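Visitor: what follows is a predicted structure for the sequence shown.
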Amino acid sequence: MQRREPFKFMLQLAMFGSGLLFFGLLVFYTILARPNAGFGKLILPQIFWVSTLLMMISSLTLYLANWSFVQHKFKSYRFYMGITLGLGIGFIIMQLLGWKELFELNANATVKTSRGFILMLSGLHIVHIVVGLIFLIKIFVESLKRLSYVESFVYSVNPPNQLKINLIVFYWHFVDVLWVILFAYLWWQNG
């Protein structure tokens, strides 16, 4: 039996717990969203389409960064890592603009209830993105400290460094898929 990498296993457990949290919230809302339950129709901000696109592109750019890292193309690695960071920050900005759009609605009690649900889901997801951004910034700064090919190569063949990058890529793809599922659910409930 092969020994599990403990950090990856801990990350998988944390992601499983996060997935259960969001799943529970969606089930809870689906049950409460019955007619006469006090929940109005979800009003989804249009800018969430843009934020979803940014999130999906960021997953692609992080994949390209990881591929570049493995191929020892360190300039490309730094480039794609920087783009991924920018897209992650852009995602948060788009979400906050969506919140602004929600708060500008002249809301009755049922709209306020459904608006609160959207804000809660989006806010919890933003927390997950911020955690990912912290680690992305950390490894991006580490890459900027090693601009020469030799330093970058030595860094890239070190197993703990490979593990760090693999874990953040794994986590970032998780939060990307999580948002796509959340967005699809909100869009379905909006229709």
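Guide: All right, it came through fine.
Visitor: tell me where this structure has helices.
Guide: Read by DSSP state H, the chain holds these helices, from start to end of the chain: 6-32, 47-70, 74-103, 109-144, 149-156, 159-190.
Visitor: ok, the residue lying closest to Val169 once chain neighbours are set aside - how many residues close by?
Guide: When the adjacent residues along the chain are set aside, Val169 lies closest to Asn66, with 4.8 Å between them (CB to CB, 6 or more residues apart in numbering). The way it works is simple: take the backbone N, C-alpha and C, and place the C-beta from them, glycine included. Asn66 sits with 22 neighbouring residues when counted by other CB atoms under 10 Å.
Visitor: could you measure Asn66 against Val154, distance?
Guide: Asn66 sits 18 Å away from Val154, going by CB to CB, to the nearest Å.
Visitor: now do Lys73
Guide: For Lys73, the distance to Val154 under the criterion CB to CB works out to 16 Å.
Visitor: neighbour-wise, which of those two wins?
Guide: Here Lys73 and Val154 are compared on neighbour count by other CB under 10 Å; more neighbours surround Lys73, at 17 against 12.
Visitor: phi, psi of that one?
Guide: Lys73 adopts backbone torsions of phi -100, psi 80, taken as degrees, to the nearest 10.
Visitor: test my guess that Ser156 contacts Lys164.
Guide: No - under the criterion of CB atoms under 8 Å, Ser156 lies out of contact with Lys164, with a separation of 11.1 Å.
Visitor: residues in contact with Phe174?
Guide: Applying CB atoms under 8 Å, 6 or more residues apart in numbering, one finds that Phe174 lies in contact with Met15, Ser18.
Visitor: try it again at 6 Å.
Guide: For Phe174, the set of contacting residues under the criterion of CB atoms under 6 Å, 6 or more residues apart in numbering consists of Met15.
Visitor: still on that earlier bit, any idea how far Phe117 is from the residue nearest to Val169?
Guide: In this structure, Asn66 and Phe117 are separated by 34 Å, where distance is defined by CB to CB.
Visitor: roughly how far apart are Met56 and Leu21?
Guide: Looking at Met56 against Leu21, where the rule is CB to CB, the gap reads 22 Å.
Visitor: one more: Glu142?
Guide: Taking CB to CB as the measure, Glu142 and Leu21 are separated by 31 Å.
Visitor: likewise Tyr171?
Guide: Between Tyr171 and Leu21 the distance is 15 Å, computed by CB to CB.
Visitor: cool, Asp176 as well?
Guide: Noted for Asp176: a distance of 17 Å to Leu21, by CB to CB.
Visitor: more neighbours, the two?
Guide: Neighbour comparison, Asp176 and Leu21: the larger count goes to Asp176, with 22 against 11 (by other CB under 10 Å).
Visitor: skipping adjacent residues, who's closest to Ser143 in space?
Guide: Counting by CB to CB, 6+ apart, the nearest residue to Ser143 once its immediate chain neighbours are dropped is Arg78, at 5.0 Å.
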